[in-house]
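A.B. asks: quick one: sequence and predicted model below, then my questions.
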Amino acid sequence: MPEFFQKLFDTSDFPPRWYCGNWSEFLGWLHVVSDIAIGAAYFGIPLSLIYFVRTRKDIILPRIIYLFAAFIVACGVTHMIEAAIFWTPVYRISGLAKLFTAIVSWVTLGVIIKNLPGVMQLPSLTATIDRLESEVEQRTHTERQLLAANARHQALIEGTRSIVWTASSEGKFTSPQASWSRYTGQSWEELKGFGWVKVIHEEDRDELLRKWNQASTTQTKYQATGRIWSAANQEWHQFVAEAVPVLDDENNVIEWVGTISDIEGQHQAETNLGIARNEILEQKRELELIYQSAPVGMSLVDREYRFLRINDMLAKLNGASGEEHIGRRADEFLNGFQDQIKPHYDRVFETGEPVVDVEIVGTHPVSGEGRTWLASYYPLGNQDGEDIEVTAVSAIIQDITQRKEQEVRLRESEQMALAANRSKSEFLANMSHEIRTPMAAILGYADVLLGHLQDPDNRNCVLIMKRNGEHLLELINDILDLSRIEAGKLDVDVEPTALPQLVADVQSLMAVRAEEKKVQFNVLFEGLVPRTIQTDPTRLRQVLINLIGNAIKFTDEGEVRLRVKFLDGSQPPMIEFAIEDTGIGMTREQQERLFKPFSQGDSSVTRQYGGSGLGLAISQRLVHMMDGEMDLTSQPQQGSTFFVRLPVASFEDIELVKPSLVVRDREADVPFPETPRLSCRVLVVDDRRDVRHISQHFLEKAGAVVATAEDGQRGIDVAIAARDAGEPFDLIVMDMQMPNVDGLHATAQLRSAEIQWPIIALTADAMKGDRDRCLNGGCDDYLSKPIDQTKLIKMVAKYTQEVTRDDLILKRQQRVDRLRGQISEDNHAK
């Protein structure tokens, strides 16, 4: 018998009716509410009949009425069970109830047949007519009451300030909206379609439309607030809008039904109360759903640590069924309850405050394996004023063993990645230094030879050597740039940039290459363009030079053109650079390979034209880093056009101009630009003899008195000795990568020795942080290898002839203060 009752109440074989078929929320609740209403009525009718029979002692056939009462009660129970099945599928109980109803029905029928002779003795027709007239009068009275109630309900709707509206699935008003028009003053002609947007405040429209699009996409409840025009008050009123989608059987939105409530004066108490009530019901439903389907363990424990409720996840975690937990103490299932778990329950019971995210380490109750759980405990109870009487604690338990193991593996992987990245950075820095340093000597001495040679053949040989050295340096720069981009160590520095001047610089430089190739190169500004744009001028110049250089290289005859156009109709406004050529062009397959590193459109192109295949890949990534876009069009043997589009400042800040360009004649170029004369004492510190000698040669040729040192320590000694002897240097050129004492440490020691002479850092420029490290380490400026004679002499002249000692000290202090502020912010963030 106990097994029978246990099976009777077992619902595990059946899902709740909500999950049977494609129930819409409206249809499901229609059935539930109807069954409950019918059941309630079926309970009330028998009570009325019983009361009637017991009050009227002269009633005939009371047993039939009692049987009818029993039959109606059985029907009511059946309807109540049908409503409950939407949540609790007690189909076995439902079957027994229906069986009972059928038995009562047949017994009632049998009794009626048995008592038919008595039924024949019912009152006369006159009495029956009188009774029917009485019933008709009662029904008429009831209908009048219903009509009155409907009238009051309609009057309530008409009298409310809330706007009730319906819209199509796209958000259009397809039928007149009386309450909307009454509130906003819009006619139907003004309102239909998307006319409702016109009475929403302009500043609120984007957010309302964003939420509307989100709700339409997810088919979820729409909620938003904003300001709407009140025709009665002739002003904007704050409102809250809510709408729900009406779905068909295939879950497609048929229409939206919603309200807009004026909450400006809080005159919609009843509406707000209804919204709050619906929200509470929704929250209860969601909480119940979360509890039943949560992927974490959940339980409810009373003050005696007995389980009041537990979900399947936690029950399985404890190694027993949910029914076995109910009413039993937690320490019967949980290892280490007294030491690790009970203190948290006690704290919640005593303080009424939750205990959140506690890690518990123990063994699995069944397998005995070591596990880690994340537990949170929340109080439940009654609040009396400010005091909360905690009657139970809700616990949420999550097995995080795998997550902890993954965190350990992740930390190990991160450490390995950091170590590999450091190794890569060190390798790049060393390779840059080792390659650029001899290149500095090669290119430097090539310039020295050009200054001494007069024979054209000899000069041409040196020029070929220098040109190939510069080409090798370009390849090195491309490889390092790509490595820095892939490592995320190359940044763009956005600043106001004079667009016409930048284009003129590029034109002047590339015109020389085009003339050498016997190719025409023209620049065309299409209409007005911004005077200044917000971009990284160095990277933009690098991209344009690369693309124009490629166009010239792959064009044997014809023209290369740079077109510059301001796209003021785009959002945001953009500047477009179009590089056109009449060169060899490309097929579709070649274009697909074009932007891959170390790849060109055709392997034969590499053999014929040379190049590393990195330029376009670097250019594309630089453009993306500047929030721009890059694409191309090309046809074989018809040429190619590369497009680069970059955002500029906001439209209000743009000053448009019509630039004019003047191309510098090649004849105006001179092999060595004029450099200033020097009259100063300079100390050159570098561990490479060739670099020391070439730097000394350049500076002495410009008029400087130069001393050299072969490493950082020797440089410190020479500088301090010169100061103590009363013959201080005016400037120091300091290599950053040297054995024993490197440039940074040497600079730091010199500054500690109160030597305030300008120090120019000399480095291979392998990684993006070199310049910042040099300046933050006490240097005043920065040069990269190989050494450019003109740049070196001009920078020395600047710091020995133009910049004062006080200005240098002030700038150094500002850099120190800025660095300290950044360190403080980083520590605060941690």
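C.D. replies: Right, received. Where do you want to start?
A.B. asks: name the strands paired with the longest strand anywhere in the chain and say parallel or antiparallel.
C.D. replies: Secondary structure of the chain per DSSP state E: the longest strand is strand 370-384. For strand 370-384, the paired strands and their directions (DSSP bridges) are strand 355-363 (antiparallel), strand 387-399 (antiparallel).
A.B. asks: can you show me the helices along the stretch 651-800 of the chain?
C.D. replies: Assigned by DSSP state H, counting those that start in this stretch, the stretch 651-800 of the chain shows helices spanning 689-701, 712-724, 743-752, 770-776, 789-797.
A.B. asks: out of those helices, which is closest to residue 415?
C.D. replies: Nearest to residue 415, of all those, is helix 770-776, at 23.4 Å by C-beta to C-beta. The way it works is simple: take the backbone N, C-alpha and C, and place the C-beta from them, glycine included.
A.B. asks: pLDDT of that closest one, averaged?
C.D. replies: The predicted model assigns helix 770-776 a mean pLDDT of 81.
A.B. asks: right, and the helix or strand after the lowest-mean-pLDDT helix or strand in the chain?
C.D. replies: Of all helical and strand segments in the chain, the minimum by mean pLDDT, DSSP states H and E falls on helix 603-609, at a mean of 45. Next along the chain after helix 603-609, taking DSSP states H and E as the criterion, comes helix 615-625.
A.B. asks: who does the helix or strand just after that following helix touch, helix- and strand-wise?
C.D. replies: Downstream of helix 615-625, the next assigned helix or strand under DSSP H and E is strand 629-635. The contact analysis (3 or more C-beta pairs under 8 Å, 6 or more residues apart in numbering; DSSP states H and E) places strand 629-635 against helix 615-625, strand 639-647.
A.B. asks: nearest to residue 213, out of the ones you listed?
C.D. replies: strand 639-647 (25.0 Å).
A.B. asks: now the angle from that closest one to strand 629-635?
C.D. replies: 170 degrees (axes from the mean of the first three to the mean of the last three C-alpha atoms, to 10 degrees).
A.B. asks: what strands line up against strand 639-647, and which way round?
C.D. replies: Paired strands of strand 639-647, with direction, are strand 574-581 (antiparallel), strand 629-635 (antiparallel) (DSSP bridges).
A.B. asks: quick revisit: where among the helices of the stretch 651-800 of the chain is average confidence lowest?
C.D. replies: Looking at the helices of the stretch 651-800 of the chain, the bottom one is helix 770-776 with a mean of 81.
A.B. asks: centre of the chain to it, how far?
C.D. replies: Relative to the chain's own centre, helix 770-776 is displaced by 33 Å; criterion: C-alpha atoms, centre = their mean, to the nearest Å.
A.B. asks: ok, back up a step: out of the strands paired with strand 639-647, the one nearest residue 17 is which?
C.D. replies: That would be strand 629-635 among the strands paired with strand 639-647, by C-beta to C-beta, at 54.7 Å.
A.B. asks: can you pull the buried residues of the closest one?
C.D. replies: Neighbour-count burial for strand 629-635 flags 630, 632, 634 (criterion: 16 or more other C-beta atoms under 10 Å).
A.B. asks: now, which of those sits nearest residue 730?
C.D. replies: residue 630 (46.6 Å).
A.B. asks: looking at the sheet around the closest one, what are its partners?
C.D. replies: Bridge pairing for residue 630 - DSSP bridges - gives residue 644.
A.B. asks: surely it touches residue 644?
C.D. replies: Yes: Residue 630 lies in contact with residue 644 (C-beta atoms under 8 Å); the separation is 5.2 Å.
A.B. asks: which neighbours do the two have in common?
C.D. replies: 619, 623 (C-beta atoms under 8 Å, 6 or more residues apart in numbering).
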